[in-house]
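below is the sequence, then the predicted model.
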Amino acid sequence: MKVTGDFYAYLWPGLTNAEMQTYGNNCNSYIVADALPGGRHVLVDPGMITNETGLKCLDHLVAEIEADDLRIEDVGLIINTHAHPDHYGASEEIRKLCKSQVTIGKGEDEFVRMTSGKKSGTGQIGFELPELQPDFYLKEGELLLGSRYMAEIYYTPGHTKGHIGVYWPEHKIFMAGDLIFYGSTGRVDLPGGSAHMLKNSIERVARLDIEYLFTGHQYGGPGILKGKGQIESNFSSIRANVFSYL
Amino acid sequence: MSNYNKEIRSTLDIVMERAQMFGSLSTEESRRLKEKELMIAGEALSKRFLEGLPLREIELEMQKREGDDKRKVTEYMLSGLVDSLDIEKTDEAEMALAGIRHFSGNSDAAEKVKTLISEYRNVLKRALRENIGRLTELRMQELKEIGICGSAVEALPENSPEWLNIKDSIASDFNNRLAVLTKIWKR
């Protein structure tokens, strides 16, 4: 689904409880089309290959991308906002299809080392994690893509230790991963989580000039928040209703 | 006759055929079958040890056998542990080594393998230190050529094909040395 300009959104169903139960967990994915030379796209958070309900999430994503007249084979860069399988899971599979570069925040390097070579990851934590072999890391700063796009990478820890957000200043779009959703925030009770850091990260992001907030999930609310009014009111509501429970 | 009965009869036939076959096996064939059984048991034990089964449990399994059988299962298990040694997977190699040391009783040879693993780690670290500047520059240049650059980009030379080639070449040399050292435990 085209949102604005070259920005496309692929929202995993979850607007209602019934949808969440039927479709299970997976993240929202986003594409910036033709962002790289040679007409190659940037894909943010590819999601899983198959989720806990047995749904083939990657096939679903590929079909949706094709419905927008884009091709998964043209992805040149995969940016993962953080190292949770429901966000990065299909990265290596997509890399095989399109020989893309794969990246993630530098703060997730501990996790990356653990999963490099599936077997070591499996042995240490008792279940199998998808492999992730980034080609480079992202840290705070500017990410220049070809001659057309510049993104700003924000270090937004709290949900995970090395979580990042991607801000596109020209289009006032912030890709938040699992930092913030409609009416709620990312969990802080998983390994690497921190309520204090999450609150700080949210306050930093709240100061940005954002017209479109692209979130990581539709947990009973829209995956994309549009317009400064709705976005500011969402930040206020989270401060008032969620912060004290974190 | 129901299909169910047919099935049972058929299974019975198979059992009878096998019983007859065993009765007519030559000494050599019986020996080979026995050897295969011991090999499977030994390899399964090495696999279970590498998956985390404690040494004490492995010993209990071993105690179920006696004499020559016990010796052979131990040898096959050791052989399985040796086969799993890979200089590039140093954590797993150290685990296999703990089993080899325990069941072979040859702590000198095990110590030599341990020293080799530690030497490999040091050589690898030194090689990365010596090459990291050049590899980082090369990687940044490659990324720039495909349109990716900026202050947010931090090259990861450890995952670059150039570093993987250097690493493979070092590992190949050390794996050859490892094979020589572990020959004594191979069946």
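On my side now, so go ahead. Numbers count the residues shown, from 1 in each chain, chains lettered A, B, ... in the order given.

show me the contacts for the residue in chain A positioned nearest to chain B.
Nearest to chain B, among the residues of chain A, is A:G141, at 3.3 Å (C-beta to the nearest C-beta). In this view, the C-beta of every residue, glycine as well, is placed from N, C-alpha and C. Counting by C-beta atoms under 8 Å, 6 or more residues apart in numbering or on different chains, A:G141 touches A:E152, A:I153, B:G150, B:S151, B:A152, B:V153.

what bridges to it?
In this entry, A:G141 is beta-bridged to A:I153, by DSSP bridges.

can you give me the helices for chain A?
A:17-23, A:57-67, A:85-88, A:91-98, A:109-115, A:118-125, A:195-206, A:228-241 (DSSP state H).

what's around A:E140, how many residues?
For A:E140, the count of nearby residues is 14 (other C-beta atoms under 10 Å in any protein chain shown).

in contact with it, which residues?
Counted by C-beta under 8 Å, 6+ apart, A:E140 has contacts A:I153, A:Y154, A:Y155, B:A152.

number of residues surrounding the first one?
Spelled out, that is A:I153. Residues near A:I153, counting by other C-beta under 10 Å: 23.

please apply the same query to the last one.
Close neighbours of B:A152, defined as other C-beta under 10 Å, add up to 26.

from A:C98, how far off is it?
For B:A152, the distance to A:C98 equals 22 Å [C-beta to C-beta, to the nearest Å].

moving C-terminal of the longest helix along chain B, what's the next helix or strand?
With secondary structure taken from DSSP H, chain B has its longest helix at helix B:107-145. Proceeding N to C from helix B:107-145, the next assigned helix or strand is strand B:148-149, under DSSP states H and E.

that next one packs against which elements?
Strand B:148-149 makes packing contacts with strand A:141-145 when contacts are defined by 3 or more C-beta pairs under 8 Å, 6 or more residues apart in numbering or on different chains; DSSP states H and E.

angle of the strand it packs on against helix B:107-145?
70 degrees (axes from the mean of the first three to the mean of the last three C-alpha atoms, to 10 degrees).

CA atoms of strand A:141-145 as PDB?
Extracted C-alpha coordinates of strand A:141-145, given in PDB (Å, rounded to 0.1, in the frame of the first residue of the first chain):
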ATOM      1  CA  GLY A 141      23.900   9.600  12.300                       C
ATOM      2  CA  GLU A 142      23.000  10.200   8.600                       C
ATOM      3  CA  LEU A 143      22.300   7.400   6.200                       C
ATOM      4  CA  LEU A 144      22.800   8.600   2.700                       C
ATOM      5  CA  LEU A 145      21.100   6.400   0.000                       C
END
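
pLDDT averaged over it - what is it?
Mean per-residue pLDDT for strand A:141-145: 98.

poorly predicted segments of the chain, please.
In the absence of a named chain, chain A is used. A:116-128 (pLDDT under 70).

meant chain B actually
Using pLDDT under 70, the flagged stretches of chain B are B:1-25, B:187.

give me the domain ranges for it.
B:1-84, B:105-187 (automatic domain parsing).

just name the most buried of those.
Most buried of these by mean neighbour count (mean count of other C-beta atoms under 10 Å in any protein chain shown) is domain B:105-187; its value is a mean of 15.

run the chain-centre distance for that domain.
Centroid separation for domain B:105-187 versus its chain: 19 Å, with C-alpha atoms, centre = their mean, to the nearest Å.

tell me which residue is most central in chain B.
B:S84 (1.4 Å; C-alpha atoms, centre = their mean).

could you find the closest non-adjacent residue to that residue?
Closest residue to B:S84 apart from its sequence neighbours, by C-beta to C-beta, 6 or more residues apart in numbering or on different chains: B:A96 at 5.0 Å.

hang on, that neighbour packs against B:I87?
No: under the criterion of C-beta atoms under 8 Å, B:A96 makes no contact with B:I87, lying 11.5 Å away.

for B:C149, which non-adjacent residue is closest in space?
A:L144 is the one closest to B:C149 (C-beta to C-beta, 6+ apart), at 5.0 Å.

can you lay out the helices of chain A as a markdown table showing distance to B:K186?
Converted to a markdown table, these look like this (distance: least, C-beta to C-beta, whole Å):
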| stretch | distance to B:K186 |
| --- | --- |
| helix A:17-23 | 52 |
| helix A:57-67 | 43 |
| helix A:85-88 | 39 |
| helix A:91-98 | 35 |
| helix A:109-115 | 32 |
| helix A:118-125 | 23 |
| helix A:195-206 | 52 |
| helix A:228-241 | 63 |
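
these: which one's closest to B:G105?
Closest approach to B:G105 among those (C-beta to C-beta): helix A:118-125, 26.9 Å.

count the residues that sit near the residue nearest to B:S84.
Neighbours of B:A96 using other C-beta under 10 Å come to 23.

nearest to A:D69, of the contacts of A:E140?
Of those, the one sitting nearest to A:D69 (C-beta to C-beta) turns out to be A:I153, at 28.7 Å.
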